[in-house]
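Undergrad: Here's a sequence, model it:
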Amino acid sequence: MIISPSVLSLNYADTKSQISELNASKAEWLHFDVMDGHFVPNLTFGPDILKAFCKSSPLYKDVHLMVEDPAFYGDIFMDAGADLITFHYEAVDEKDIITLADHIHQKGKKAGISIKPKTDAEVLKPYLPYFDLVLVMSVEPGFGGQKFMPDSLEKIRNLRSWIDEAGLDVRIEVDGGINAETGKLCKDAGADVLVAGSYVFKNDIGKAVESLV
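TA: The predicted structure follows:
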């Protein structure tokens, strides 16, 4: 299980020590929730924040674009050091989804696609061969600290089944309300990557990450 702590919940008054704890933990990725105030009702990081983390942490940079124009912002964050760019199915015309995935790959990065809780996982089925990762949102995107939505588990199980049946190398990531209990449920349903924010940063970082592995 890959753990991707969400820096949305990091205590920015204590950045240096928390990043040191993350680097020493069993976390392999760092998750960046990029919000534009339009696609979701919140504003978060620009590319300079990502650049700073690239200098202070060797962890894989997992960038989740919750923005209305992922093609524009994708290039900005890839140039800033993202290893993986995940954009939302709901933010892109269907005819442009594969084109954007191809563009991300041409830049030497991994491509992910995400769905909001009210979007049926079935919409992703035709696109699975074009992506490296599928992100299931288990809360409404926009703010940290929300409770896990149990109906996300059925989406994870369905996606795992479709990916395995097609023999694809696609990871399933889950973001929202993840803790030791919900993380185990997601793992049992077939998830490969867990994003955790509040649970990691409001507890002992190393122990919280280890409880999710």
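
Undergrad: any idea of the pLDDT on the residue nearest to A80 when sequence neighbours are not counted?
TA: Closest residue in space to A80, ignoring its immediate chain neighbours: P47 at 3.6 Å, by CB to CB, 6 or more residues apart in numbering. Glycine gets a C-beta too; all of them are placed from N, C-alpha and C. Looking at P47, its pLDDT stands at 95.

Undergrad: Give the rounded mean pLDDT of stretch 77-97.
TA: 97.

Undergrad: typo on my end, stretch 190-209
TA: Per-residue scores along stretch 190-209 average to 96.

Undergrad: picking up where we left off before, relative to A191, how far out is the residue nearest to A80?
TA: 28 Å (CB to CB, to the nearest Å).

Undergrad: Among the two, which residue is more densely surrounded?
TA: A count of neighbours by other CB atoms under 10 Å puts A191 above the other of P47 and A191, at 26 against 18.

Undergrad: In contact with that one, which residues?
TA: M1, V136, I156, R160, I172, E173, V174 (CB atoms under 8 Å, 6 or more residues apart in numbering).

Undergrad: was I right about the fourth one contacting K187?
TA: No - the pair R160 and K187 does not pass the contact test of CB atoms under 8 Å, sitting 10.9 Å apart.

Undergrad: rewinding a little: what's the most distant pair in the contacts of A191?
TA: M1 and V136 (14.8 Å; CB to CB).

Undergrad: more crowded one of the two?
TA: Neighbour totals were compared for M1 and V136, and V136 leads with 26 against 14 (other CB under 10 Å).

Undergrad: Tell me which of the contacts of A191 fall in strands.
TA: The strands, defined by DSSP state E, take in V136, I172, E173, V174 from these.

Undergrad: What ranges does the protein have for its strands?
TA: Under DSSP E, the chain gives strands at 2-5, 29-35, 60-66, 84-88, 110-115, 133-137, 171-175, 193-196.
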